[in-house]
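# Have a look at this prediction, sequence included:
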Amino acid sequence: GGLSVVKDIVAGDDIKLLSDSAVLSFGANSEVKIVHRHDDGLRLQTTKTSDNSPFILSLESGETDIAVDDVIGQIDFAAVDEATGTDAILVAAGIAAVSEGDFSASNNATKLSFRTAASEVASEKMALSSAGNLTVSGTIVPTGAITANAGVNVDNITIDGTEIDLSSGDLTLDVAGRIDLSADDNGEVRLFDGSSQYAQFKDDSDRFRIESMISDADMMFVGNDGGSEVTAGFFDMSAAGVFELTRGA
């Protein structure tokens, strides 16, 4: 009951494969297949067993003059049979390859646009540029470590209730403007050596308080005199905080 046709098949209406696990085979050796998966979709498969033989799905535009913002290929996701209609049946998510400029013999700069929706047709929320820059319109919430081997450039950063732990190396703050340390009323800026706190700066009932947490540890004013360290003065904490203008070597 099979049918073999040497030339093209042209159908004016639907073609139906009625059996479960039906297969569409392509190529002289039938090495590429689209296989029906019962009740849930299709499996795209290549039968090649040699190393580095992936299945490649290529979305190719036939447009002859690609300009900036032209979509070269796109995958959309939608629930078109959702009974509530309206926003529910709009494109809910998508991935598109979008030109970043006019294509030429020396340019095919393209970004990947990742689109999601809340009550709308899906719009871009994240983009990976041709230069490898990732732009996210919302909040990045990592569940693991973030590694930045080439440094991190941040215009504005907010850390809320989170500890910054540098297991090795130094932390350098280098800004063109000012550095602000802000705390609520009676807030504190604490200094630690490992797990032990040794000093703090504090708003103490509208007074600015500089406090040493080490018993009997002097508080010193130290400077540089021609390359040599000198102590200009100190508070002797073991003597009830008596201030001395100078201190011996």
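Arrived safely. Numbers count the residues shown, from 1 in each chain.
# Validate this expectation: Pro88 resides in a helix.
Quick fix: residue 88 reads Ala, not Pro. Yes - Ala88: assigned to a helix according to DSSP: H, G, I helix; E, B strand; the rest coil.
# distance of it from Glu82?
For Ala88, the distance to Glu82 equals 4 Å [C-beta to C-beta, to the nearest Å]. Bear in mind the C-beta positions are built from the backbone N, C-alpha and C, glycine included.
# quick one: buried residues of stretch 103-121?
Across stretch 103-121, burial judged by 16 or more other C-beta atoms under 10 Å covers Phe103, Thr110, Lys111, Ser113, Phe114, Arg115, Thr116, Ala117.
# now stretch 216-232: mean pLDDT?
Stretch 216-232 carries an average pLDDT of 90.
# Please shift the residue numbers so they start at 21 in all later answers.
Sounds good: first residue 21 from here, last item stretch 236-252.
# What's opposite Glu231 in the beta bridge?
Listed by DSSP bridges, the beta-bridge partners for Glu231 are Gln220.
# any idea how far it lies from Asp28?
Glu231 is 88 Å from Asp28, by C-beta to C-beta.
# next helix or strand past the host helix or strand of Ala252?
For Ala252, the element it lies in under DSSP states H and E is strand 248-256. Going down the chain from strand 248-256, the next helix or strand is strand 262-264, by DSSP H and E.
# what pairs with that next one, and is each one parallel or antiparallel?
strand 248-256 (antiparallel).
# Residues in contact with the partner strand: which ones?
Here strand 248-256 makes contact (C-beta atoms under 8 Å, 6 or more residues apart in numbering) with 238-244, 261-267.
# so how far is it off the chain centroid?
Relative to its chain's centre, strand 248-256 lies at 48 Å (C-alpha atoms, centre = their mean, to the nearest Å).
# Mind listing what's buried along it?
Under 16+ other C-beta under 10 Å, the buried positions of strand 248-256 are Thr251, Phe254, Phe255.
# which element follows the host helix or strand of Ser133 toward the C-terminus?
Using DSSP H and E, Ser133 falls within strand 130-136. As assigned by DSSP H and E, the chain's next helix or strand after strand 130-136 is strand 143-148.
# and the angle from that next one to strand 130-136?
Orientation note: strand 143-148 sits at an angle of 140 degrees relative to strand 130-136 (axes from the mean of the first three to the mean of the last three C-alpha atoms, to 10 degrees).
# which element follows strand 143-148 toward the C-terminus?
Counting by DSSP H and E, what follows strand 143-148 is strand 154-156.
# and the helix or strand following that next one, C-alpha only, in CSV?
Next helix or strand after strand 154-156 toward the C-terminus (DSSP H and E): strand 208-213. Provided in CSV are the C-alpha atoms of strand 208-213 (Å, rounded to 0.1, in the frame of the first residue of the first chain):
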residue,chain,number,x,y,z
GLU,A,208,27.1,52.7,62.3
VAL,A,209,30.0,52.1,59.9
ARG,A,210,32.0,49.2,61.4
LEU,A,211,35.6,48.1,60.8
PHE,A,212,36.6,44.5,61.3
ASP,A,213,39.7,42.4,61.4
